[in-house]
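S.K.: when you get a sec, could you give me coordinates for this:
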Amino acid sequence: MTMNSEPCRIRLFGRIDSNNAQQAEKDIRAQMEEKGGTPLVLDARDLDYISSAGLRIILHLRGTCPDMRIERVKPDVYEVFEMTGIAQIIDIEKDYRTISIEGCEEIGEGANGKIYRIDGDNVVKVYKNADALTDILHEREVARLALILGIPTAISYDVVRVQDSYGSVFEMLSAQSFSGILAADPSKLDWCVDEYVKLLKLIHGTVVPEGKLPDIQKTALMWVQTALPALPKEAGEKVLSLVLAVPRDPHMVHGDYHTKNLMLQSGEVLLIDMDTLATGHPIFELGNIFNAFVGFYELDKEAILDFQGFDFETGRRFWQKTLAAYLETEDEGRLREVEDKARVMGYTRLISRALRHGFDKTEQEKEAIAIWREKLLEVLGKVDSLVF
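M.R.: Predicted structure coming up:
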């Protein structure tokens, strides 16, 4: 067989059963001889049915080409591969229907994707990462876990192709994000804070079985490690020691808990964008919440309008009221103490994010990192522990 660096791609059509399986294998091998290349890739987008006889020729081909893969398999056919266990030994990609989001209303956004309403009953989360199938499967699994543990969340029931990426479709009737509610009617701020904190406490009060979710402390350590080059040695070591000193906590955290990820549907508050779900101490969550309403926008106060839909002052008030409601206190000293701890994590993450994404190339970007560093160093002098 003539070999080259390109995969040998062969299309499968119609049905492969006992009537034509042997001939189908001969045809495939003839094409392999003609096209050459490695590995073998079978394109199954037009394969409507495969019987046990067809499965056996797939196994024969794998014997010749152990690194073969099958792509764009229709859901019904994929179910056969999965049910028989063949999907466990061969790389098989399920095909998904394609939808368009052109002209669709954007109703939410998280760290890894945007939410669009595609019709009166359904929304789709479109992932920013074009190679997102693993992310989608992870999010569906952790969302299922959250639902089992009593967290109200939207249930995804379909995976689709959207432009060059993938999306997860879930039912959401007449839903509106908390950001949309606040943008339309700022007088609802206190109601939104109450509901926001009520759900946050439910999340933080939920114990997760060991090993079911990642530990957010490990993510926080990654932020610190990435930010270290931008910090004085002593300050970097202090942040690192503060994070390392936080005790492990089996309670749930969301990881991206802001008002675009809370939806009001028929009077019920639902949590979305579950791919950042983890376990850990709530200080890591509070650091992210501080950023979502204040930290990200301190240097460009107009930017919050583009993301959240409301102004910086509303965001600041939302954060302050949230912290007071969460801690169940109006004591200024206590609020400042915990806010300072949250700011340590918030500014560390901002510096890390800027460096990780290469946002340190222009003078403006370097100035932003310098300001965050200054703010971090100032608040770091007030903090001896992140625990509260």
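S.K.: could you say which helix or strand contains L299?
M.R.: Secondary structure assignment for L299, by DSSP states H and E: no helix or strand.
S.K.: and T259, by the same measure?
M.R.: Using DSSP H and E, T259 sits in no helix or strand.
S.K.: hmm, who's touching the lengthiest strand in the chain?
M.R.: Among the elements of the chain assigned as strand by DSSP state E, the one spanning the most residues is strand 40-50. Applying CB atoms under 8 Å, 6 or more residues apart in numbering, the contact partners of strand 40-50 are 7-17, 28, 32, 58, 61, 64-65, 67-74, 76-77, 80-81, 95. Glycine gets a C-beta too; all of them are placed from N, C-alpha and C.
S.K.: let me know the average pLDDT across that strand.
M.R.: Strand 40-50 shows a mean pLDDT of 95.
S.K.: about what we covered before: buried ones from the contacts of strand 40-50, can you make that a PyMOL selection?
M.R.: Here is the PyMOL command that selects only those of the contacts of strand 40-50 that count as buried (16 or more other CB atoms under 10 Å):
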select buried, resi 7+8+10+12+16+28+32+58+61+65+68+70+71+72+73+74+77+80+81+95
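S.K.: show me how the protein divides into domains.
M.R.: The chain breaks down into these domains under automatic domain parsing: 8-95, 99-171, 175-380.
S.K.: out of the ones you listed, name the one with the poorest average pLDDT.
M.R.: Taking the mean pLDDT of those, domain 99-171 comes last: a mean of 86.
S.K.: returning to that earlier point: Serialize the domains of the chain to CSV and add fields for distance to F388.
M.R.: Output for those, formatted as CSV (distance: least, CB to CB, whole Å):
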stretch, distance to F388
domain 8-95, 45
domain 99-171, 23
domain 175-380, 5
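S.K.: quick one: residues contacting R56.
M.R.: A21.
S.K.: may I ask which helix or strand encompasses it?
M.R.: helix 52-64.
S.K.: so how far is that helix off the chain centroid?
M.R.: 37 Å (CA atoms, centre = their mean, to the nearest Å).
S.K.: for the helix or strand that that helix is followed by, packing partners?
M.R.: Next along the chain after helix 52-64, taking DSSP H and E as the criterion, comes strand 69-73. Secondary-structure packing of strand 69-73 (3 or more CB pairs under 8 Å, 6 or more residues apart in numbering; DSSP states H and E): strand 40-50, strand 91-94.
S.K.: tilt between the helix or strand following strand 69-73 and strand 40-50?
M.R.: Heading C-terminal from strand 69-73, the first helix or strand you meet, by DSSP H and E, is helix 75-84. Per axes from the mean of the first three to the mean of the last three CA atoms, to 10 degrees, the angle that helix 75-84 makes with strand 40-50 is 100 degrees.
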